[in-house]
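**Q** just coords:
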Ligand SMILES: O=C(CO)[C@H](O)[C@H](O)COP(=O)(O)O
């Protein structure tokens with residue numbers, strides 16, 4: 001239960017954010033020149049930026065992002081620590097699924113919980129917004145300090161403007177596509193994004209079966225990155241486990257979200273390391 005002063009503060013922040021959203025400044029108004037944008041774009045994708053928490057560049061290594069969707073929601077701080085550096089594990093990012101029961105049929109958590117998670121971990125948060133109207137809500141997550149804020153291509157009205165606003169608020173911008181959404185209509189839009197999240201299950205629930213057909217999209221995205229047409233991390237989410245991670249790595253994925261394969265394991269930190277070794281070996285075999 002929030003205290004009266006917490007409620008007042010939350011109202012103030014929410015009002016400030018609504019005012020900010022309604023004016024929706026252009027990136028040019030928020031940055032005093034392209035140099036600052038260029039500085040930020042040079043930051044390693046594996047770490048946080050602009051005085052935020054920072055982790056070393058891991059751009060040539062696969063990134064493993066345990067999904068808190070499969071964690072115990074009553075013990076989220078402990079569950080984050082279970083895959084953090086102190087435990088000997090090494091999650092690169094922590095994947096946080098925000099679901100609104102509209103864009104997807106499930107309901108999880110929202111900005112106040114993400115703000116608390118942000119204060120309780122040094123691992124960069126990777127927020128996957130499965131929500132309607134991300135144009136209105138996503139920037140709040142960037143302002144909360146989330147490292148990478150991903151919105152759905154199927155839900156965003158102005159994905160280019162939204163990416164600019166996310167970056168202006170200090171976050172990486174991510175665009176996600178559902179299993180049946182083609183990649184090609186978004187190739188120009190993706191020039192403004194830092195991550196592409198290819199869904200390998202229908203978004204909404206953890207523990208589903210991997211849809212291997214989406215790997216064709218990750219191969220095409222990989223080619224676009226390798227040929228310099230795009231400059232982003234290729235991320236995959238859904239059904240990633242010891243049986244499937246190698247095919248995804250061979251298909252050019254950089255960042256692997258895994259929920260049940262990590263939090264369903266007896267030792268989540270060891271599960272992260274096991275997935276990472278498999279991904280490294282498979283990625284080497286591809287090259
Ligand atoms: O976005 C998601 C579901 O919409 C989850 O991140 C994803 O399903 C992870 O869970 P699992 O690895 O168990 O499939």
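**A** In hand now; what should we look at? Owing to the predicted nature of the structure, the values given are computational and were not obtained by experimental measurement.

**Q** Neighbours of the residue of the stretch 151-287 of the chain found nearest the ligand, how many?
**A** Closest to the ligand within the stretch 151-287 of the chain is residue 259: 2.7 Å, counting by Cβ to the nearest ligand atom. In this view, the C-beta of every residue, glycine as well, is placed from N, C-alpha and C. Residues lying near residue 259 (other Cβ atoms under 10 Å) number 26.

**Q** In contact with it, which residues?
**A** Shown in contact with residue 259 (Cβ atoms under 8 Å, 6 or more residues apart in numbering): 66-70, 95, 206-207.

**Q** let's go with 7 Å and repeat that
**A** 67, 69-70, 206 (Cβ atoms under 7 Å, 6 or more residues apart in numbering).

**Q** so for stretch 97-116, what's the average pLDDT?
**A** Averaging pLDDT along stretch 97-116 gives 98.

**Q** ok, and does it reach over to the ligand?
**A** Yes - Stretch 97-116 reaches the ligand (Cβ under 6 Å from any ligand atom) through residue 97.

**Q** what does the stretch 51-200 of the chain have sitting close to the ligand?
**A** Neighbours of the ligand within the stretch 51-200 of the chain, by Cβ under 6 Å from any ligand atom: 67, 69-70, 95, 97, 128.

**Q** Show me which of those residues is closest to the ligand.
**A** residue 67 (3.8 Å).

**Q** which phi and psi does residue 127 have?
**A** Main-chain dihedrals, residue 127, degrees, to the nearest 10: phi -90, psi 120.

**Q** Read off the pLDDT value for it.
**A** Looking at residue 127, the pLDDT reads 98.

**Q** I'd assumed residue 114 was in contact with it.
**A** Yes - at 6.2 Å, residue 127 counts as touching residue 114 under the criterion of Cβ atoms under 7 Å.
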